[in-house]
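Engineer: let's see this in three dimensions:
(chains A and B)
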Number of protein chains: 2
Amino acid sequence: MTEGLLRQKTAIIGCGLIGDSWAALMTAHGHDVAAWDPSPTALADFEKRVEKARQQVWQLMPTGRPDTGRLTLTDELETALVGATWVQENAPEKLELKQDLYAQIEAAVGDEVVIASSTSSLTWSELTVGMKRPQRLITAHPFNPPHLMPLVEIYARDEDIRARSVTFYAGMDRQPVVLKRDAVGHIANRLASALWREAVNIVAEDIADVSAVDAALVHGPGLRWSVVGAHMAYHLGGGVGGMEAYLKHLGPSQERRWFALGSPKLTPEVCAKLVAGVAEEAAGRSVDTLAGERDAALIRILKVNP
Amino acid sequence: MTEGLLRQKTAIIGCGLIGDSWAALMTAHGHDVAAWDPSPTALADFEKRVEKARQQVWQLMPTGRPDTGRLTLTDELETALVGATWVQENAPEKLELKQDLYAQIEAAVGDEVVIASSTSSLTWSELTVGMKRPQRLITAHPFNPPHLMPLVEIYARDEDIRARSVTFYAGMDRQPVVLKRDAVGHIANRLASALWREAVNIVAEDIADVSAVDAALVHGPGLRWSVVGAHMAYHLGGGVGGMEAYLKHLGPSQERRWFALGSPKLTPEVCAKLVAGVAEEAAGRSVDTLAGERDAALIRILKVNP
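Structural biologist: Residues are numbered from 1 along each chain as shown, chains lettered A, B, ... in the order given. I've put the predicted structure just below:
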């Protein structure tokens, strides 16, 4: 039996949106979770939030659902770490704060325990400064909402730990993707940021409205990218000759197009257009309602294309 | 009854991949199609290719399927245009060739007939040079494969023709998106190009392999963008404060991230990495097999999220 399928005792460090999601996913897959957060606000509705997310995870597990893991909650870090076999850290994106936490965690857990950071914007090289055993830290970045989105981006220096982490996240129906180098924004947020820059440019240049840009993405490239990646899409666009034919015939025109893309600035005017544009697109729906619609649509897709 | 639901007689000008798709979609929705192409190669298997695509369209029309439109085929342009009420042009992306075709089409059809260009890379302003009635030309850019992908990007100068074109494409279960200005690459290919630039950069900089980049996109942002657009995603990322809160707190870090994105060149070395990378990802599957897998996955999604 592999580690991913063994029952782990996971410590969830930080109970915001990401911590909630991990707790839901891990307990739904049978792991015991001890969650820690110093803030009474974060702890107040934690179990209710986890339960709501877990209901969504269960919709994607029609058969073979293991016994639900135990969920405990504490505002004392050491208590959460007792007996932990895996640590998932989801603290605020402040480098010193995370480094300080790692020092406390290293002092409390055994050498074999992996500390996985959910960081979206900090790198392994920054995070590990000052650690006793830097190799035990990995970045394992989920994509929001993490209990539904399959992607987990992994960067691990140690080969064995890398393999263990792939097994662990894959065992919870995640799609682990391994990076060769640590990079700001990993893969997904770099891609998202590059796309959004042009999405902002199109609005700033008055080529199309916010809602038109979003509709074009959802019904066009977004839909296709949920099925084939960007590289593979150009491979298919090259016909029988594939990527090689594509690059030969259309590489130069892509380079010209790259050159013609915009470099917008988030000026007050552009920000005002974006805010007004999404308000029009939201058409009175609250962020909560919109997130609920998003989740329902994601679940429908994941049921047919797991 | 609206025009979109009326039976049109459409002339399909150019029977490549895009012409096939339009013919399948239009006849499946009850429009009569007269297709033209000067090349015997393009004409040879045309009906077979259309039939194959139409079978896929039908999978998305479980109920209310109208009588299939009549499909005729000719290598004489004037024959295809007799009685045409809508012209969909899908000739090669060569400006002079298209302009020459428009002159011939204008000489053969009535003033009220719309000429819709499927062009991906040319603009309305370029295409209409020399036309007698430039307002009758619109760009109506589908997304590959057009008989499955819902997006049609529309740019039309005339308000009435714009409304007619939205009705026409929406009547075939398309999602028409209207541009305010004509721009190279419309919306979708600008976004795709911006994203691919960074996808190439990640491979060029050895941050991750081709297959890892594609997997991250498919299981992360691609999946999410098939449900919510890029602007709306950041609105939801802003919590209850929405886009305004997002821009206030994370706008500056996005601008810094934009600055840090790559500007790769398609050097022989980078091209070789891309070609080898997709070959590894394809794992022996032909472009045809991969396209078939893509289509099947798209159909599964469109059935649950139409």
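Engineer: and A:D206, that one's in a helix?
Structural biologist: No - A:D206 sits outside any helix when classified using DSSP: H, G, I helix; E, B strand; the rest coil, being coil.
Engineer: for the helix or strand hosting A:I105, name the packing helices and strands.
Structural biologist: Under the criterion of DSSP states H and E, A:I105 resides in helix A:95-108. The helices and strands touching helix A:95-108, judged by 3 or more C-beta pairs under 8 Å, 6 or more residues apart in numbering or on different chains; DSSP states H and E, are strand A:9-13, helix A:77-81, strand A:86-89, strand A:114-117, helix A:124-127. C-betas here are computed from N, CA, C, even on glycine.
Engineer: try 10 Å this time
Structural biologist: Here helix A:95-108 touches strand A:9-13, helix A:77-81, strand A:86-89, strand A:114-117, helix A:124-127, strand A:137-142, going by 3 or more C-beta pairs under 10 Å, 6 or more residues apart in numbering or on different chains; DSSP states H and E.
Engineer: which elements pack onto the lowest-mean-pLDDT helix or strand in chain A?
Structural biologist: In chain A, no helix or strand scores lower on mean pLDDT, DSSP states H and E than helix A:40-44, which sits at a mean of 88. Packing partners of helix A:40-44 (3+ C-beta pairs under 10 Å, 6+ apart): strand A:32-36, strand A:71-74.
Engineer: to B:W22, which of the ones you listed lies closest?
Structural biologist: Nearest to B:W22, of all the helices and strands packed on helix A:40-44, is strand A:32-36, at 52.9 Å by C-beta to C-beta.
Engineer: next, the angle helix A:95-108 makes with that closest one.
Structural biologist: Here strand A:32-36 runs at an angle of 130 degrees relative to helix A:95-108 (axes from the mean of the first three to the mean of the last three C-alpha atoms, to 10 degrees).
Engineer: burial of the residue nearest to A:A183 when sequence neighbours are not counted, as a residue count?
Structural biologist: Sequence neighbours aside, B:I207 is the residue nearest to A:A183 in space, at 4.6 Å (criterion: C-beta to C-beta, 6 or more residues apart in numbering or on different chains). Residues contacting B:I207 under the criterion other C-beta atoms under 10 Å in any protein chain shown number 22.
Engineer: wait, B:I207 touches A:L179, no?
Structural biologist: Yes - using C-beta atoms under 10 Å, B:I207 is in contact with A:L179, at 6.1 Å.
Engineer: circling back to that earlier point, which ones are touching the residue nearest to A:A183?
Structural biologist: Residues near B:I207 by C-beta atoms under 10 Å, 6 or more residues apart in numbering or on different chains: A:155, A:179-187, A:190, B:201, B:213, B:262.
Engineer: only whichever of those residues are buried, select them in ChimeraX.
Structural biologist: Buried residues among the contacts of B:I207 (16 or more other C-beta atoms under 10 Å in any protein chain shown), as a ChimeraX selection:
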select /A:155,179,182,183,184,185,186,187,190 /B:201,213,262
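Engineer: from the contacts of B:I207, pick the one nearest B:P146.
Structural biologist: Set against B:P146, the nearest of the contacts of B:I207 by C-beta to C-beta is B:V213 (25.7 Å).
Engineer: could you measure that closest one against A:W225, distance?
Structural biologist: Using C-beta to C-beta, to the nearest Å, B:V213 is found at 11 Å from A:W225.
Engineer: what is in contact with these two at once?
Structural biologist: Residues touching both B:V213 and A:W225 by C-beta under 10 Å, 6+ apart: A:191, A:232.
Engineer: now A:L122. Nearest residue, chain neighbours left out?
Structural biologist: Using C-beta to C-beta, 6+ apart, the nearest residue to A:L122 is A:L95, at 5.9 Å.
Engineer: my read: the one you found touches A:S125, true?
Structural biologist: No - between A:L95 and A:S125 there is no contact under C-beta under 10 Å: 11.1 Å.
Engineer: could you list the low-pLDDT ranges of chain A?
Structural biologist: Confidence mapping of chain A against pLDDT under 70 gives the ranges A:1-5.
Engineer: can you list the domains in it?
Structural biologist: A:3-178, A:188-304 (automatic domain parsing).
Engineer: looking at the ones you listed, spot the one closest to B:T72.
Structural biologist: domain A:188-304 (26.6 Å).
Engineer: and the helix holding A:I105, how far out from the chain's middle?
Structural biologist: The gap between where helix A:95-108 is centred and where its chain is centred comes out at 22 Å by C-alpha atoms, centre = their mean, to the nearest Å.
Engineer: would you mark the buried spots in it?
Structural biologist: For helix A:95-108, a neighbour-count test (16+ other C-beta under 10 Å) marks A:98-99, A:101-102, A:105-106, A:108 as buried.
Engineer: list of residues touching it?
Structural biologist: A:11, A:13-14, A:36, A:77-82, A:84, A:87, A:89-92, A:94, A:113, A:115, A:117, A:119, A:121-123, A:126-134, A:136-137.
Engineer: what angle do it and strand A:137-142 make?
Structural biologist: Using the same axes, to 10 degrees: helix A:95-108 against strand A:137-142 is 120 degrees.
Engineer: contacting residues for A:P142?
Structural biologist: A:18, A:21-22, A:25, A:88, A:90, A:116, A:118, A:120, A:148-153, A:169, A:174, A:188, B:220.
Engineer: so how do I select the buried members of those residues in PyMOL?
Structural biologist: Here is the PyMOL selection string for the buried members of the contacts of A:P142, based on 16+ other C-beta under 10 Å:
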select buried, (chain A and resi 18+21+22+25+88+90+116+118+120+148+149+150+151+152+153+169+174+188) or (chain B and resi 220)
